[in-house]
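**Student:** sequence-free structure coming up:
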């Protein structure tokens with residue numbers, strides 16, 4: 001899990017006029033930040049599909065977020081970054097009293113073979 005940083009995206013998507021190294025790795029492999037910016041960022045910035053800001057507050061303003069919407073945006077990014085530092089997303093973790101779910105698994109000839117399963121608190 002990566003923190004939001006200078007350049008972040010969950011998936012690189014090509015914009016008109018750019019080449020996508022994820023789809024065309026042998027035609028245009030991006031190997032440095034300058035090429036990444038030229039190929040992926042600049043066309044999006046020029047078209048207005050991407051926004052660039054020095055701070056998250058500036059980005060919120062560019063996105064037209066004000067008041068509670070801006071506060072929610074900033075809190076969401078802060079929470080995401082906290083989870084990234086932990087290295088695990090516990091935002092949907094549910095803790096219940098009771099027995100833990102258990103699955104018996106054997107490794108036979110390199111294959112996992114599932115045996116008994118007790119749902120524990122998941123059976124509720």
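**Tutor:** Sure, I can see it. The model shown is predicted, which means the values in this text are computed figures rather than measured ones.
**Student:** all contacts plus neighbour counts: C-alpha atoms, from now on.
**Tutor:** Noted.
**Student:** For this structure, which segments count as helices?
**Tutor:** 33-36, 42-47, 56-62, 67-86 (DSSP state H).
**Student:** Run through the neighbouring helices and strands of the longest one.
**Tutor:** Counting contacts by 3 or more CA pairs under 8 Å, 6 or more residues apart in numbering; DSSP states H and E, helix 67-86 is packed against helix 56-62.
**Student:** Could you list every helix and strand in contact with the helix it packs on?
**Tutor:** Contact here means 3+ CA pairs under 8 Å, 6+ apart; on that basis helix 56-62 packs against helix 67-86.
**Student:** nearest to residue 111, of the helices of the chain?
**Tutor:** helix 67-86 (31.8 Å; CA to CA).
**Student:** Let me see the mean pLDDT of that closest one.
**Tutor:** In this model, helix 67-86 carries a mean pLDDT of 90.
**Student:** what comes up buried for that helix?
**Tutor:** By 16 or more other CA atoms under 10 Å, the buried positions in helix 67-86 come out as 70, 73, 74, 80, 81, 83.
**Student:** from memory residue 66 sits against residue 60, does it?
**Tutor:** Yes: counting by CA atoms under 8 Å, residue 66 touches residue 60, with 7.4 Å between them.
**Student:** out of everything not next to it in sequence, what's closest to residue 103?
**Tutor:** Nearest residue to residue 103, sequence neighbours excluded (CA to CA, 6 or more residues apart in numbering): residue 117, at 4.4 Å.
**Student:** residues touching the one you found, list them.
**Tutor:** 101, 102, 103, 104 (CA atoms under 8 Å, 6 or more residues apart in numbering).
**Student:** next one: stretch 106-124 to chain centre, how far?
**Tutor:** Distance of stretch 106-124 from its chain centroid, counting by CA atoms, centre = their mean, to the nearest Å, is 30 Å.
**Student:** Buried by neighbour count: which residues of it qualify?
**Tutor:** Buried residues in stretch 106-124, counting neighbours by 16+ other CA under 10 Å, are absent.
**Student:** give me the low-pLDDT residue ranges for the chain?
**Tutor:** 1-30, 122-124 (pLDDT under 70).
**Student:** please redo it, this time with the cut-off set to 90
**Tutor:** For the chain, the stretches flagged by pLDDT under 90 are 1-45, 47-53, 79-124.
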